[in-house]
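J.: Quick check, what structure comes out for this input:
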Amino acid sequence: MSYTTGVAPPKPDRPFLASWLRRTRKQLAPSGRLTELSMLLAQREGHTREYWAKWLRQVLDNELAPSLDELTTIDALLAKPKSSNPVREEALLPF
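T.: Below is the predicted model:
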């Protein structure tokens, strides 16, 4: 099957991509999250924030299939930073 855009949509036999898309859509649902991610991608990968915002929307709408490297990069940027110094419950008590 040939596409005029040169980029094929995700194959239906890639269930991991479907679950990744569901999870990523939820993570990007809050207002400003897609813009924040597109800014981080622009800083890290080059291009403009607008380029990455458009690219992300195309991926989320199943118009583009991201590479495994792109999936990994997005996951890493969306991952919550782990605290290196966890707060103990005793420290939260006022007495």
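
J.: avg pLDDT for the helix or strand hosting Arg25?
T.: Following DSSP states H and E, one finds Arg25 within helix 15-27. For helix 15-27, mean pLDDT rounds to 91.

J.: which helices and strands sit right next to that helix?
T.: helix 49-60, helix 68-78 (3 or more CB pairs under 8 Å, 6 or more residues apart in numbering; DSSP states H and E). Where C-beta positions appear, they are placed from N, C-alpha and C, glycine not excepted.

J.: Which of those has the highest mean neighbour count?
T.: Comparing the helices and strands packed on helix 15-27 by mean neighbour count (mean count of other CB atoms under 10 Å), helix 49-60 ranks first with a mean of 16.

J.: what angle sits between it and helix 68-78?
T.: Orientation of helix 49-60 against helix 68-78 (axes from the mean of the first three to the mean of the last three CA atoms, to 10 degrees) gives an angle of 110 degrees.

J.: which helices and strands sit right next to helix 49-60?
T.: helix 15-27, helix 33-45.

J.: What residues of the helix holding Arg25 count as buried?
T.: 17, 20-21, 24, 27 (16 or more other CB atoms under 10 Å).

J.: between it and helix 33-45, how big is the angle?
T.: Using the same axes, to 10 degrees, helix 15-27 lies at 120 degrees relative to helix 33-45.

J.: Pull the CA coordinates from helix 15-27 and hand them back as CSV.
T.: C-alpha atoms of helix 15-27 as CSV (Å, rounded to 0.1, in the frame of the first residue of the first chain):
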residue,chain,number,x,y,z
PRO,A,15,-1.4,-3.1,19.9
PHE,A,16,1.4,-1.5,21.9
LEU,A,17,1.1,1.7,19.8
ALA,A,18,-2.7,1.8,20.4
SER,A,19,-2.2,1.5,24.2
TRP,A,20,0.6,4.1,24.0
LEU,A,21,-1.7,6.5,22.2
ARG,A,22,-4.4,6.0,24.7
ARG,A,23,-2.0,6.7,27.6
THR,A,24,-0.3,9.6,26.0
ARG,A,25,-3.7,11.2,25.0
LYS,A,26,-4.7,11.1,28.7
GLN,A,27,-1.3,12.6,29.8
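
J.: now what about that helix, what contacts it?
T.: 10-11, 33, 59-60, 62, 65, 71, 74-75, 78 (CB atoms under 8 Å, 6 or more residues apart in numbering).
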